[in-house]
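# what follows is a protein structure lacking sequence information:
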């Protein structure tokens with residue numbers, strides 16, 4: 001059984017911002033005369049997740065909000081949550097001030113691999129989609145295809161010239177999850193390291209780091225997702241790809257002697 005990354009917002013107290021977001025979503029549902037089931041289908045989330053958030057039983061996660069915003073074509077988050085666009089096709093300075101025309105090569109769907117946190121020797125495979133968000137004037141990313149779908153992450157892409165790396169940043173009420181990736185190799189792969197929180201004993205959350213590998217998928221290409229173990233046919237390919245993160249010196253995990 002996979003030990004999932006925590007959805008950090010689930011453990012946070014509900015705030016006035018969540019209540020306001022729920023109100024805005026209810027207004028959009030009423031204005032468009034659609035059902036909650038229809039919105040859930042459009043946003044690719046479960047009806048239960050939507051119902052609980054609207055009822056104030058759990059907060060909206062960033063991943064859920066991004067999907068609802070995309071489905072409705074509106075912005076539902078307070079301005080303080082998301083980096084403010086500097087205008088047009090240039091990302092804000094806080095994200096690296098990159099131009100849209102200079103980052104189109106990064107947009108697409110990526111097979112994403114990391115070690116399984118719950119199954120020793122296993123790998124966890126899912127999708128990461130990177131695209132330009134015109135409303136925010138920056139690249140955004142969102143995970144999908146995870147067997148633990150309620151823990152799927154979404155956020156913003158930072159690309160500062162100083163380090164030459166790509167940062168996938170999730171910020172949920174001040175709690176961060178960060179992936180630091182290399183620029184693409186000649187075969188279009190990205191390698192790096194993931195820093196996140198892992199579920200420990202009971203409700204304890206433990207900082208964790210792991211190598212990370214992404215490969216861009218061709219249009220219409222599918223990939224095997226979910227927990228991948230040594231008895232599966234595609235395990236060797238996935239293991240070799242993930243191994244390049246550290247074996248190719250794209251990322252280093254330092255441990256005391």
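Happy to help now that I have it. Treat the numbers as computed from the prediction; the structure is a model and nothing was measured. Numbering: from 1, shown residues only.
# counting neighbours, what do you get for residue 73?
Using other CB atoms under 10 Å, residue 73 has 8 neighbouring residues. For the C-beta atoms, the positions are set from N, CA and C on the backbone; glycine is no exception.
# show me where the stretch 1-150 of the chain has its strands.
Assigned by DSSP state E, counting those that start in this stretch, the stretch 1-150 of the chain shows strands spanning 108-115, 123-133, 138-144.
# between those strands, which one is nearest to residue 76?
Closest to residue 76 of those, according to CB to CB: strand 123-133, at 13.4 Å.
# what about the closest one, average pLDDT?
Averaged over strand 123-133, pLDDT sits at 94.
# now the angle from that strand to strand 108-115?
Relative orientation of strand 123-133 and strand 108-115, computed by axes from the mean of the first three to the mean of the last three CA atoms, to 10 degrees: 150 degrees.
# strand 123-133 pairs with which strands?
Strand 123-133 has its sheet partners listed here by DSSP bridges as strand 108-115 (antiparallel), strand 138-144 (antiparallel), strand 226-228 (antiparallel).
# save the strands of the stretch 1-150 of the chain as a markdown table, and put in distance to residue 98 and mean neighbour count too.
Formatted as a markdown table, the strands of the stretch 1-150 of the chain follow (distance: least, CB to CB, whole Å; neighbours: other CB atoms under 10 Å):
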| stretch | distance to residue 98 | mean neighbour count |
| --- | --- | --- |
| strand 108-115 | 16 | 22 |
| strand 123-133 | 10 | 20 |
| strand 138-144 | 8 | 22 |
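# which one of those strands lies nearest to residue 216?
Residue 216 lies closest, by CB to CB, to one member of the strands of the stretch 1-150 of the chain: strand 108-115, at 4.9 Å.
# residues contacting the closest one, please?
When contacts are defined by CB atoms under 8 Å, 6 or more residues apart in numbering, strand 108-115 is touched by residues 122-130, 143, 190, 194, 210-217, 223, 238, 241-242.
# at 6 Å instead, please
123-129, 194, 210, 212-217, 223, 238, 242 (CB atoms under 6 Å, 6 or more residues apart in numbering).
# same check, this time on stretch 224-242
Contacts of stretch 224-242 (CB under 6 Å, 6+ apart): 2, 113, 116, 122-123, 125-126, 145, 147, 213.
# ok, 8 Å please
Outside stretch 224-242, the residues that reach it (CB under 8 Å, 6+ apart) are 2, 113-116, 119, 121-127, 145-147, 189, 211-213, 215.
# buried set for it?
Under the neighbour-count criterion of 16 or more other CB atoms under 10 Å, stretch 224-242 has 225, 227-228, 235, 238-239, 241-242 buried.
# wait, which of those is closest to residue 23?
residue 225 (35.4 Å).
# on that earlier part again, the strands of the stretch 1-150 of the chain into JSON lines, with extra columns for distance to residue 94?
Formatted as JSON lines, these follow (distance: least, CB to CB, whole Å):
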{"stretch": "strand 108-115", "distance to residue 94": "24"}
{"stretch": "strand 123-133", "distance to residue 94": "15"}
{"stretch": "strand 138-144", "distance to residue 94": "9"}
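# quick one: which of these is nearest residue 101?
Comparing these under CB to CB, the one sitting nearest is strand 123-133, at 10.0 Å.
# distance check, residue 104 against residue 162.
For residue 104, the distance to residue 162 equals 22 Å [CB to CB, to the nearest Å].
# neighbour-wise, which of these two wins?
The neighbour count for residue 104 versus residue 162, taken as other CB under 10 Å, is higher for residue 104 (11 against 6).
# so what's that one closest to, chain neighbours aside?
Leaving aside its chain neighbours, residue 104 sits nearest to residue 132 (7.6 Å; criterion: CB to CB, 6 or more residues apart in numbering).
# next up, the contacts around that neighbour.
For residue 132, the contact set (CB under 8 Å, 6+ apart) comprises 100, 103-104, 107, 138-140.
# isn't residue 190 right up against residue 211?
No - under the criterion of CB atoms under 8 Å, residue 190 is not in contact with residue 211, lying 11.7 Å apart.
# and the closest residue to residue 205 other than its chain neighbours, bridged to which residues?
Nearest residue to residue 205, sequence neighbours excluded (CB to CB, 6+ apart): residue 197, at 4.4 Å. With beta bridges defined as DSSP bridges, residue 197 has these partners: residue 207.
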